[in-house]
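Student: this one's sequence-less:
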């Protein structure tokens, strides 16, 4: 209380009126010896005058040889075989759609222009023949697409299945188209039975020797 009433600071001696405040002493920089001691504190080996031991040496890592590519499912030319199968399935699908369009818009006009003596019975008979070939055409296109996917996945190991199914289906469809277009049943023999038999053999090979 006496310090407050006399105008001095409560934390020190009272200051005379008009006196300047004492300057605070500034911290001096640490001598170089202290810095050296700090350095030697973290690196005692240097302080002792010894060299650091060399880092441990490890044997070089030996890389394992890359594994050899596995045997392809369809033999040495499996990539080309699968590409050919896929292209053939695309060709079958394209021509099947074209055959369906011709059946709907141009087949009867073709008969009227080139075979005016055809009656309704003949038209119905050859129309059915065309439809049989077209059904086989669509079926073969879808089958070849599925077989191409199976070959790519490695499930189809014998491309002869695709040869029999694709070739036989295309032969059967072509025989039916020729028979209906030219109104000549002779075109169906023996191509249609041979093509159908080849398709059956292809599916049998897939069942017995997958």
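Tutor: Good, I have the coordinates. Quick caveat, the model's predicted, so the values are computed rather than measured.

Student: state the next helix or strand along the chain beyond the helix ranked longest in the chain.
Tutor: Across the chain, the longest stretch assigned as helix under DSSP state H is helix 120-153. Using DSSP states H and E, the helix or strand that follows helix 120-153 towards the C-terminus is helix 160-182.

Student: give the next helix or strand downstream of that next one.
Tutor: Next in sequence after helix 160-182, counting helices and strands by DSSP H and E, comes helix 191-208.

Student: which strands and helices sit next to that next one?
Tutor: Packing partners of helix 191-208 (3 or more CB pairs under 8 Å, 6 or more residues apart in numbering; DSSP states H and E): helix 120-153, helix 160-182. Every residue, glycine included, has its C-beta placed from N, CA and C.

Student: let me know whether residue 130 touches residue 174 as I believe.
Tutor: No. If you go by CB atoms under 8 Å, residue 130 and residue 174 don't touch, sitting 11.6 Å apart.

Student: so for residue 129, what's the pLDDT?
Tutor: You'll see residue 129 listed with a pLDDT of 95.

Student: what about the spatially closest residue to it that is not a sequence neighbour, how many neighbours?
Tutor: Closest residue in space to residue 129, ignoring its immediate chain neighbours: residue 180 at 4.5 Å, by CB to CB, 6 or more residues apart in numbering. By other CB atoms under 10 Å, the residues close to residue 180 number 27.

Student: does residue 180 really touch residue 123, like I thought?
Tutor: No. With contacts defined as CB under 8 Å, residue 180 does not count as touching residue 123, sitting 9.9 Å away.

Student: select the helix or strand of the protein having the lowest average pLDDT value.
Tutor: Every helix and strand in the chain was compared by mean pLDDT, DSSP states H and E; the lowest is helix 2-5, with a mean of 47.

Student: shaky segments in the protein?
Tutor: 1-55, 68-78 (pLDDT under 70).

Student: please identify the most buried of the helices and strands packed on helix 191-208.
Tutor: helix 160-182 (a mean of 22; mean count of other CB atoms under 10 Å).

Student: by how many degrees do that helix and helix 120-153 diverge?
Tutor: Counting by axes from the mean of the first three to the mean of the last three CA atoms, to 10 degrees, helix 160-182 lies at 160 degrees to helix 120-153.

Student: how far off helix 191-208 does helix 160-182 point, in degrees?
Tutor: Going by the same axes, to 10 degrees, helix 160-182 makes 160 degrees with helix 191-208.

Student: three-state assignment of residue 66?
Tutor: coil (DSSP: H, G, I helix; E, B strand; the rest coil).

Student: how near is it to residue 182?
Tutor: 60 Å (CB to CB, to the nearest Å).

Student: on contacts alone, who are the packing partners of the helix or strand hosting residue 99?
Tutor: Using DSSP H and E, residue 99 sits within helix 78-105. Helix 78-105 sits against helix 120-153, helix 160-182, with contacts defined as 3+ CB pairs under 8 Å, 6+ apart.
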